[in-house]
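1. Could you work out the structure for the sequence below:
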Amino acid sequence: RYLIQMIKWMLLIYLGVTIPCSYAAGVSQGSQTDFSSGDTSWAADVLHQLSPRVNEMGTRVLNSRVEPLVQGALAALNLGRKAFKFTRINLGEIQPKITNIRTHGAIRNMERIILDFDVVYDGNADIQVAILGAASGLRNVKIAGRARLVLSPTMNELPLVGGVQFFFLTKPEIDFDFDGLAKIADLPAIKKKIKEDLLKDLNEQAVYPNRITIPLSFTANPQLIWQPQISGILGVKLKSVQGLPRRGGMRKLLGQDKPDVYGIASVGAQEWRTPVVKNSQQATWNDWYEFPLEVVDGHLLEINMYDDDTSSSDEFLGYAAIDVHSAMQTVHFLAKKGPKQQTRNPQMLQSNQPLLSRSTKANLEMVAGRKTKYKNITGTVDVEMAWMPLVKTPGPPTGKLFPSTTAAVLNVFLYSANNLVKFSDKSAFPSGHLPSPQAIITVANYTKETQISKNTQQASFNHGEIFMLQSNWKAQTLVIDVQDTEKGKPFGKVQIPLSSLEGKDKVQDLIGLNPGQPSITLTLSASIRFPFANRN
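-> Numbering: from 1, shown residues only. Take a look at the predicted model:
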């Protein structure tokens, strides 16, 4: 969560300082530096002056958020709830580095600006902790990943964009070491559990499709500020791996020197795992996996190979990343050198154009910090990809470009519940009571809940959901219940047959929650789209 708070701070600096100055007359007033010359020392001056405040914020967040998270991780290993505590926090003076910035070109019918960049924090923090009763320190703290800023929607009035979304495009790398007596914490089980819980928390907050959103305007459409705008489904098949390394020692004598191999294919926080193939240097699979995406450009398909180990944590067998847009292999961004990139594929994948299938082979590489007992990482993976953009009308099931289980994609956004003055049974509130409304969204086998709006008769939800539906979608009904969480009583419900949405989007519609109380309403948008299918 500290990283998330730091990211919010960096976003505000980026928007409040960097972007305006890039359009200024050429001189930065704070440091009197000519911006057009490429000198960015003015930004360093701003960050330096803000550092004490960031340090204070970071100390508060580490104590209130990270410490309980690590305590929970250690408690799961039966080491006690009080096995970890921060005793001194100094975040140092080294700021996160933002490099390899790339701005996407304008996308038709998408009112947004997209920037991708690498962010690396490798600071000189002085953090002292007590772990398992021993005094120690945290050193070599590193957090790094490929990230994206989305400025959406663009506007013709200040502040020119309605909001800012931030997320990592790939799962970030997190690493740290303990020194002093608490080097015991470098024992694999303890350090692994701490890193797993930290990464899980970060993935759920700020790795695609999850995101941090900062609204900047009250007049922009909240759906374009808060909700991902899915444009299609990427299909991935990890066809095979070959040339994996062997282990030596006793395993070789017992004929068990080959790995029990499996792969994890991921795009952001979305991941799928293949079945395990026992004692083999090569394996083949036939399953297709689905990844909904907003835009294709900039996303990486990451393949991580592992040796399944029932007696200890699984051994890392190699990593490969493939640029979804170009179908080229790209080395891990932390690597100084890596496997040679393949020849550029002239068939660039576009978000609005279907692609039947294309295959890419990629060499496996080592990633610093990954646990493995294999001395040399070797091997090649063969991956097949297909892309189905979303369209307004369904095609024949036999025309799908890969064996997808998704027949329809439902997009729902709840803006607000309005005039909540009585319950659905027409009973009035107790004297002085203000409700705390929440909406529950149900469709097919999904149930999702909005956040609770505390003490209000005008509940602002600004909550979006995207549902991947199967072939029986026409028989399904979208049901939205709104209730008072304080009293456990309903205000009413909205029911929308999905078949009624085909070709008829609901856009900020005002719908009655209770027929007996026409002023009690729900404001929502809902639409349904379909994966492209050939009609031949």
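2. how far is the helix or strand hosting Leu69 from where the chain is centred?
-> When elements are assigned from DSSP states H and E, Leu69 belongs to helix 67-75. How far helix 67-75 lies from its chain's middle: 23 Å, per Cα atoms, centre = their mean, to the nearest Å.
3. which residues touch it?
-> Helix 67-75 is contacted by residues 1, 80-86, 131, 190, 193-194, 196-198, 201 when judged by Cβ atoms under 8 Å, 6 or more residues apart in numbering. For glycine as for every other residue, the C-beta is placed from the backbone atoms N, C-alpha and C.
4. By pLDDT, rank those residues and give me the bottom one.
-> Minimum pLDDT for those is recorded at Arg1 (46).
5. just to revisit the earlier point, and of the contacts of helix 67-75, the nearest to Met305?
-> Closest to Met305 out of these is Glu196 (18.6 Å), distances taken as Cβ to Cβ.
6. burial count for the residue lying closest to the closest one once chain neighbours are set aside?
-> Excluding the flanking residues, the one nearest Glu196 by Cβ to Cβ, 6 or more residues apart in numbering is Ala73, at 7.5 Å. When neighbours are defined as other Cβ atoms under 10 Å, Ala73 has 22 of them.
7. Next: Asn140.
-> Asn140 has 12 nearby residues by other Cβ under 10 Å.
8. Next: Thr405.
-> That count, for Thr405 with other Cβ under 10 Å as the rule, works out to 11.
9. Check the gap between it and Gln495 for me.
-> According to Cβ to Cβ, to the nearest Å, Thr405 stands 25 Å off from Gln495.
10. What of Asn100?
-> In this view, Asn100 and Gln495 are 49 Å apart by Cβ to Cβ.
11. cool, Asn536 as well?
-> Distance from Asn536 to Gln495, by Cβ to Cβ: 38 Å.
12. Looking at these two, which has the bigger crowd around it?
-> A direct count of neighbours by other Cβ under 10 Å for Asn536 and Gln495 places Gln495 higher, at 11 against 5.
13. surely that one meets Thr477?
-> Yes - look at Gln495 against Thr477 with Cβ atoms under 8 Å: they come within range, at 5.5 Å.
14. Now do the contacts for Leu169.
-> The neighbours of Leu169, taking Cβ under 8 Å, 6+ apart as the test, are Asp116, Gly145, Arg146, Ala147, Arg148, Tyr208, Gly268, Gly298, His299, Leu300.
15. Can you spell out which residues form a bridge with the last one?
-> Think Leu300. Here Leu300 sits in beta bridges with Asp323, going by DSSP bridges.
16. cool, the fourth one as well?
-> On DSSP bridges, the residues paired with Ala147 through beta bridges are Phe117, Phe168.
17. Just give me the neighbour total for it.
-> Residue neighbour count, defined by other Cβ under 10 Å, stands at 22 for Ala147.
18. Kindly provide the distance from it to Tyr121.
-> According to Cβ to Cβ, Ala147 and Tyr121 sit 12 Å apart.
19. mind listing the strands in the stretch 151-300 of the chain by residue range?
-> Applying DSSP state E, counting those that start in this stretch to the stretch 151-300 of the chain gives strands spanning 163-168, 173-180, 212-215, 232-242, 261-267, 270-273, 283-284, 289-293, 300-307.
20. could these go into JSON lines alongside mean pLDDT and distance to Trp226?
-> Formatted as JSON lines, the strands of the stretch 151-300 of the chain follow (pLDDT from 0 to 100; distance: least, Cβ to Cβ, whole Å):
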{"stretch": "strand 163-168", "mean pLDDT": "94", "distance to Trp226": "7"}
{"stretch": "strand 173-180", "mean pLDDT": "76", "distance to Trp226": "27"}
{"stretch": "strand 212-215", "mean pLDDT": "92", "distance to Trp226": "5"}
{"stretch": "strand 232-242", "mean pLDDT": "97", "distance to Trp226": "21"}
{"stretch": "strand 261-267", "mean pLDDT": "97", "distance to Trp226": "21"}
{"stretch": "strand 270-273", "mean pLDDT": "96", "distance to Trp226": "19"}
{"stretch": "strand 283-284", "mean pLDDT": "97", "distance to Trp226": "41"}
{"stretch": "strand 289-293", "mean pLDDT": "97", "distance to Trp226": "17"}
{"stretch": "strand 300-307", "mean pLDDT": "96", "distance to Trp226": "25"}
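21. now those strands as CSV including distance to Glu465 and mean neighbour count?
-> Output for those, formatted as CSV (distance: least, Cβ to Cβ, whole Å; neighbours: other Cβ atoms under 10 Å):
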stretch, distance to Glu465, mean neighbour count
strand 163-168, 16, 22
strand 173-180, 29, 17
strand 212-215, 15, 14
strand 232-242, 17, 22
strand 261-267, 19, 21
strand 270-273, 16, 16
strand 283-284, 36, 18
strand 289-293, 12, 21
strand 300-307, 25, 22
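22. Compare those and report which one is nearest to Leu390.
-> Among the strands of the stretch 151-300 of the chain, the nearest to Leu390 by Cβ to Cβ is strand 232-242 (5.4 Å).
23. quick one, what contacts the nearest residue to Pro209 once chain neighbours are set aside?
-> Spatial nearest neighbour of Pro209, excluding adjacent residues (Cβ to Cβ, 6+ apart): Pro228 at 5.5 Å. Neighbour list for Pro228: Pro209, Arg211, Glu294, Gly464, Ile466 [criterion: Cβ under 8 Å, 6+ apart].
24. how about the helices in the stretch 1-150 of the chain?
-> Listed from the start of the chain, the stretch 1-150 of the chain has helices (DSSP state H, counting those that start in this stretch) covering 2-13, 19-22, 41-61, 67-75.
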